[in-house]
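1. what follows is a protein structure lacking sequence information:
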């Protein structure tokens, strides 16, 4: 049964201000699904997860593809909000490599640049 957003639980699996894993107390909270955000822009890494959490959606932010791959991720339904332009590997190239890393989840591409050929 679907519950109204106003009654959805608030999850905070990561400290978005520092892009660091959460403390022990929060880790015990049940996360039933999560949106992963990979973006090199610190303001976006703070704003998007904060917006998602404000409506009860768990979110985790990463500054790079390597940080995402190195992090412990809960084994729950997930999706990835991925910046097209990142330092090092591009979001498009990373999306193509996800399966090789054992990561299977829907990917939503974002960009602040309207001139990126896709």
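-> Happy to help now that I have it. Computed from a predicted model, the values in this text were never measured in an experiment. Numbers count the residues shown, from 1 in each chain.

2. now the end-to-end length of stretch 87-106.
-> 22 Å (Cα to Cα, to the nearest Å).

3. report the spatially nearest residue to the residue nearest the centre of the chain, omitting neighbours in sequence.
-> The residue lying closest to the centre of the chain (Cα atoms, centre = their mean) is residue 36, at 1.4 Å. Once flanking residues are discounted, residue 36 sits nearest to residue 80: 4.8 Å by Cβ to Cβ, 6 or more residues apart in numbering. In this view, the C-beta of every residue, glycine as well, is placed from N, C-alpha and C.

4. report the beta-bridge partners for the one you found.
-> Beta-bridge pairing of residue 80 under DSSP bridges involves residue 36, residue 107.

5. just give the number of residues close to residue 49.
-> By other Cβ atoms under 10 Å, 25 other residues sit near residue 49.

6. spit out the contact partners of the residue nearest to the centre of the chain.
-> Residue 36 makes contact with 59-62, 68, 73, 78-81, 105, according to Cβ atoms under 8 Å, 6 or more residues apart in numbering.

7. apart from its chain neighbours, what residue comes closest to residue 61?
-> residue 45 (4.0 Å).

8. in terms of helices and strands, where is residue 82?
-> strand 78-83 (DSSP states H and E).

9. top helix in this structure by residue count?
-> Secondary structure of the chain per DSSP state H: the longest helix is helix 42-54.

10. can you pull the buried residues of it?
-> Buried positions in helix 42-54, judged by neighbour count with 16 or more other Cβ atoms under 10 Å: 44-45, 48-49, 52-53.

11. can I get these in a markdown table including distance to residue 86 and pLDDT?
-> Formatted as a markdown table, the buried residues of helix 42-54 follow (distance: Cβ to Cβ, whole Å; pLDDT from 0 to 100):
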| residue | distance to residue 86 | pLDDT |
| --- | --- | --- |
| 44 | 12 | 94 |
| 45 | 12 | 94 |
| 48 | 15 | 96 |
| 49 | 17 | 95 |
| 52 | 20 | 95 |
| 53 | 23 | 94 |
